[in-house]
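Novice: Build me a model:
(chains A and B)
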Amino acid sequence: DAGVTQSPTHLIKTRGQQVTLRCSPKSGHDTVSWYQQALGQGPQFIFQYYEEEERQRGNFPDRFSGHQFPNYSSELNVNALLLGDSALYLCASSLSGQPQHFGDGTRLSIL
Amino acid sequence: GNSVTQMEGPVTLSEEAFLTINCTYTATGYPSLFWYVQYPGEGLQLLLKATKADDKGSNKGFEATYRKETTSFHLEKGSVQVSDSAVYFCALSDHDNAGNMLTFGGGTRLMVKP
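Specialist: Okay, the predicted model is just below:
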């Protein structure tokens, strides 16, 4: 039974570019959440998707957007990348109020 | 808004020592409380949880009790091993829905020496 899988593992971009990160939830899970974890800090909630709609959103600018597909997989898009967007991006999935399960993340570096 | 405060690390212990990592929280209502562990180069793994006051979560020798009167959820283990070396995060979710957005503390790095 595969857990939460994220791709790519690592990514290097330059300022001003756009990036798309992908997440496949754990089998049977219907809710996907995204978090940003800066180096040495705790994860910060970006947003959560359920039934293909954004259900909750944290304190992140509109440059951060997402999508959930009918198969429950999800994408995180970040436009106009800034140096401060360098972080580990974590995807987590859950089902009907159960605790979230995390993937290993995508390490995004902005040059 | 919600917040979680953890003791700063790193915490360095010898093998078989007793571990306590303090965690306090601020939240409205009755949040669910969690401890997650992050090993180097990996994502977060759920270690234990508690969903109501006085509940004790436990797993792999780790324990934490939901104390509403002191708004705390301290992590303890009676005898740590080298393999417990990792970063530990205390977290909460709103209300009774454990699948809601998580608010994390800053993390506490634990280093266990042989």
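Novice: what about residue 89, which helix or strand?
Specialist: The chain I'm using is chain A. In the assignment (DSSP states H and E), A:Tyr89 maps to strand A:87-94.
Novice: my bad, chain B
Specialist: strand B:86-93.
Novice: got the angle for that strand vs strand A:87-94?
Specialist: 60 degrees (axes from the mean of the first three to the mean of the last three C-alpha atoms, to 10 degrees).
Novice: residues in contact with the strand holding A:Tyr89?
Specialist: With contacts defined as C-beta atoms under 8 Å, 6 or more residues apart in numbering or on different chains, strand A:87-94 is touched by A:4, A:6, A:21, A:23, A:25-26, A:29, A:31-39, A:43, A:72, A:74, A:76, A:100-103, A:105-108, B:43-44, B:98-99, B:102. Any C-beta I mention is one placed from the backbone N, CA and C, and that applies to glycine too.
Novice: one more time with 7 Å, if that's ok
Specialist: A:4, A:6, A:21, A:23, A:25-26, A:29, A:31-38, A:43, A:74, A:76, A:100-103, A:105-108, B:43-44, B:99 (C-beta atoms under 7 Å, 6 or more residues apart in numbering or on different chains).
Novice: now do stretch A:12-30
Specialist: A:1-7, A:11, A:32, A:50, A:72-83, A:89, A:91, A:93-95, A:101, A:103, A:106, A:108-111.
Novice: What of stretch B:10-27?
Specialist: Contacts for stretch B:10-27 (C-beta under 7 Å, 6+ apart): B:2-7, B:31, B:71-82, B:88, B:90, B:92, B:105, B:108-114.
Novice: Which of those fall within strands?
Specialist: B:3-6, B:75-77, B:88, B:90, B:92, B:108-113 (DSSP state E).
Novice: which residues of chain A score low on pLDDT?
Specialist: Applying pLDDT under 70 to chain A flags the ranges A:1.
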